[in-house]
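J.: When you get a sec, could you give me coordinates for this:
(2 chains)
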Amino acid sequence: MKRFKMFFGKKSSEVAKNRLKILLISDRINCSPEVMERIKADLVKSISKYMSIDVENTEIVLKRSSKRGRNRKPSLHASIPILDIRE
Amino acid sequence: MCEVIVITSGKGGVGKTTTTANLGSGLAASGKKVVMIDTDIGLRNLDVVMGLENRIVYNLVDVVEGNCRVKQALIRDKRYPGLYLLPSAQTRDKTAVNEPQMIKLIEHLKPQFDFILLDCPAGIEQGFKNAVAGADRAIIVTTPEVSAIRDADRIVGLLEAHGIGRMDLLLNRMRPDLVRRGDMMSPTDVVDILAVPLIGVIPDDEQVVISTNQGEPLVETASLAGKAYRDICLRIRGEDIPVELYQTISFWTRVSGIFHKNERLK
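T.: Here you go, the predicted structure:
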């Protein structure tokens, strides 16, 4: 079973690293998941005025830029599937 | 030239006191004059890790409040010429000392020593502020666990805001067997996340427990952790020694690994 997991499951150190990367970005800019939800709601609201979007599958995430060093700035990435562009 | 180094971590129980004791002993063993200051008021531990708990007369709070001269409170470690300990008070709390008092004390000690090591308490409150106030550089101790790394990142942010001269990362309690299996973050992973230069990796070693039980520093023992601490002492003194990451395994370890599954690094 352990072997099986090794080949098909994600290694726990990978999981830890990915969780930390996301957590530390929000820690560093002092942004809680609740704030993220509010930003998402506002984004959905304003974009909905111009096009119809798939709210269910809308995602926003904070990513760190590829620049090395501690002073790299995080950036906000939004993935908003468009259903129909209104005229 | 005296260097003031604070040993800090944010999270408790990751090995700040053990690190302070061993770096202090290691630096003193190489002929340097070193004073270790326990700034954890109310929860003093450096004295007991060093095996000097029976020799305390005066403490940090006595010095700051002027109940004794600094010299009277310094405990000389008989094992190493040039190693001194300034113990913390056990009956007071962190508010008994403030930052200007710490800076004044450090300025007083600077001309007499090559290194001043400050053992920082856990947390980011007054005790942390006191320990950091007079420091030129910091060694951030962490273990390869999410909680310790998260706290270390917070400390890095606070030290940056404080304007500390230099920061280095010490990764403690690393288990090469777990890293190889993919169940522990590797030193490279941790450095990648925290973006602070690595001054050394201490493998998880039972000798640490044994030495602490005996009140003896392990820096001069033949153990893996002892060797790792010795190398860190040399790096602190400015020598350029590559950091052992314990990530490559020799052919023989690999072969014996087939027969001894999950065997710990000895």
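J.: C-alpha from now on. contacts and neighbour counts both.
T.: Will do.
J.: how far away is the residue nearest the centre of chain A from residue B:149?
T.: By C-alpha atoms, centre = their mean, chain A has its centre lying nearest to residue A:61, at 2.0 Å. Noted for residue A:61: a distance of 21 Å to residue B:149, by C-alpha to C-alpha, to the nearest Å.
J.: Any idea what the residue nearest to the centre of chain A is bridged to?
T.: Taking DSSP bridges as the rule, residue A:61 bridges to residue A:77.
J.: Which residues belonging to the lengthiest helix in chain B are considered buried?
T.: Using DSSP state H, we find that the single longest helix of chain B is helix B:146-162. For helix B:146-162, burial by neighbour count (16 or more other C-alpha atoms under 10 Å in any protein chain shown) applies to B:146, B:148, B:149, B:150, B:151, B:152, B:153, B:154, B:155, B:156, B:159.
J.: how about these, which pair is most distant?
T.: Largest separation among the buried residues of helix B:146-162 by C-alpha to C-alpha: B:146 and B:159, giving 19.9 Å.
J.: For residue B:188, the count of nearby residues, please.
T.: For residue B:188, the neighbour count with other C-alpha atoms under 10 Å in any protein chain shown is 11.
J.: Confirm it sits in a strand?
T.: No: looking at residue B:188 with DSSP: H, G, I helix; E, B strand; the rest coil, it is helix, so not inside a strand.
J.: Would you map the helices across chain A?
T.: A:2-8, A:12-28, A:33-48.
J.: Tell me which of those helices sits nearest to residue B:89.
T.: Residue B:89 sits nearest to helix A:12-28 of all the helices of chain A, at 33.8 Å, using C-alpha to C-alpha.
J.: hmm, the closest one touching chain B?
T.: Yes: legend: contact between helix A:12-28 and chain B by C-alpha under 8 Å from any C-alpha of the partner chain is shown at A:12, A:13, A:14, A:16, A:17, A:20, A:21, A:24, A:27, A:28.
J.: Quick one, which of these are buried?
T.: Listed as buried from the residues of helix A:12-28 next to chain B are A:13, A:14, A:16, A:17, A:20, A:21, A:24; burial here means 16+ other C-alpha under 10 Å.
J.: Can you add distance to residue B:202 and give those back as TSV?
T.: Listed next are these as TSV, based on distance: C-alpha to C-alpha, whole Å:
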residue	distance to residue B:202
A:13	18
A:14	21
A:16	20
A:17	20
A:20	22
A:21	23
A:24	24
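J.: mind giving me JSON lines with those and columns for pLDDT?
T.: Shown next, in JSON lines, are those (pLDDT from 0 to 100):
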{"residue": "A:13", "pLDDT": "94"}
{"residue": "A:14", "pLDDT": "93"}
{"residue": "A:16", "pLDDT": "94"}
{"residue": "A:17", "pLDDT": "93"}
{"residue": "A:20", "pLDDT": "92"}
{"residue": "A:21", "pLDDT": "86"}
{"residue": "A:24", "pLDDT": "87"}
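J.: Which of these sits closest to chain B?
T.: Of all these, chain B sits closest to residue A:13, with 4.8 Å by C-alpha to the nearest C-alpha.
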